[in-house]
Every structure is written in C-alpha cells, then in structure tokens.
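Engineer: Structure for the following, please:
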Amino acid sequence: MAEIHEIDEMAWNKWVCSRPKSVQELCRKFPPNRLYKLRSTGHRCMVYSYSEDGTMTVNVTGEHNVVLFSRAVFGIKPEDLTECEPPAKGEMLGEAMTQDEAREFIRKAYRNSKP
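Structural biologist: Residues are numbered from 1 along each chain as shown. The predicted model follows:
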C-alpha cells in the first residue's frame, strides 16, 4: 500500500525500540505513515498514538473522508484496521464543520436542552 508521508526510519526505529513490547508490536504492524480503514465505520484514518493496552488512537479527517468534523478516536483495536489506498482522484472529501463551528453547535444544543 502507499505511504501517505515519509518518516525518518532511523529515528522511528530508535523510538520504537524505547517503547514497551506491546507498543513495539503495534508500531511494527501499524506504522504511522500509512493510511488505514476502520472496518466498523469505513472511515480512512491515520494512527495518532499507541497504547500499552494494545489499542490505538486514530485521526479521522476530511483529508481522506467526507465527515461532519475531524476527530481523534481512541480505543481502536488492531483487528478493526486494514491498510488502504488513498482516496481516488476526484473523490469528494472534506469537513462540513470546523472545530470551532462544532463546539458552538454543541454549546447551543446543550443550552437549548436544559429544562
């Protein structure tokens, strides 16, 4: 599959070797310079962080999907990720709301839901 960005292999390997074994395994199976698809939602995502409990946090953004807003999703299990290709040329991508717009929408909804 295609790399979505380059990483410094020496620095990456040095960092990986300094992590706990459970994290090292995730790093080797799911490098951060690849694009993955969440089986449960179909969203394309990028690994953001690795956890010692064997899960990862991923970023779901409008760069590779059509989403209401970009977000980080934690607790992702390895079996829910498969490496995938970038979006096809001309595929619709983007975010409907910026982070500030999403926050304002949530604030208004919360204020309006109070009895």
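Engineer: make it CA atoms for all contacts and neighbour counts henceforth
Structural biologist: OK.
Engineer: Assign a three-state SS to Thr41, would you?
Structural biologist: Recorded secondary structure, Thr41: coil (DSSP: H, G, I helix; E, B strand; the rest coil).
Engineer: which phi and psi does it have?
Structural biologist: For Thr41, the backbone dihedrals (degrees, to the nearest 10) come out as phi -120, psi -20.
Engineer: Counting neighbours, what do you get for it?
Structural biologist: 8 (other Cα atoms under 10 Å).
Engineer: now swap in Met10 and tell me
Structural biologist: Around Met10 there are 9 residues (other Cα under 10 Å).
Engineer: helix, strand or coil for it?
Structural biologist: helix.
Engineer: do the same with Asn59
Structural biologist: Asn59 falls in the strand class when you classify it by three-state DSSP.
Engineer: where exactly do the helices run in the chain?
Structural biologist: For the chain, the helices defined by DSSP state H occupy 9-17, 21-29, 99-113.
Engineer: Just name the most buried of those helices.
Structural biologist: helix 21-29 (a mean of 16; mean count of other Cα atoms under 10 Å).
Engineer: Would you mind listing the outside residues contacting it?
Structural biologist: 16-17, 50-54, 78 (Cα atoms under 8 Å, 6 or more residues apart in numbering).
Engineer: Now distance to Val23 too, for these, in TSV please.
Structural biologist: Output for these, formatted as TSV (distance: Cα to Cα, whole Å):
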residue	distance to Val23
Val16	8
Cys17	9
Tyr50	6
Ser51	6
Glu52	6
Asp53	8
Gly54	7
Pro78	12
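Engineer: and the residues you listed, which two are the farthest apart?
Structural biologist: Greatest spatial distance among the contacts of helix 21-29 (Cα to Cα): Cys17 and Pro78, at 19.7 Å.
Engineer: Show me the shaky parts of this structure.
Structural biologist: Under the criterion pLDDT under 70, the flagged ranges of the chain are 1, 114-115.
Engineer: List the beta-bridge partners for Met46.
Structural biologist: Asn59 (DSSP bridges).
Engineer: tell me the contacts of it?
Structural biologist: Applying Cα under 8 Å, 6+ apart to Met46 gives the contacts 32-36, 58-60.
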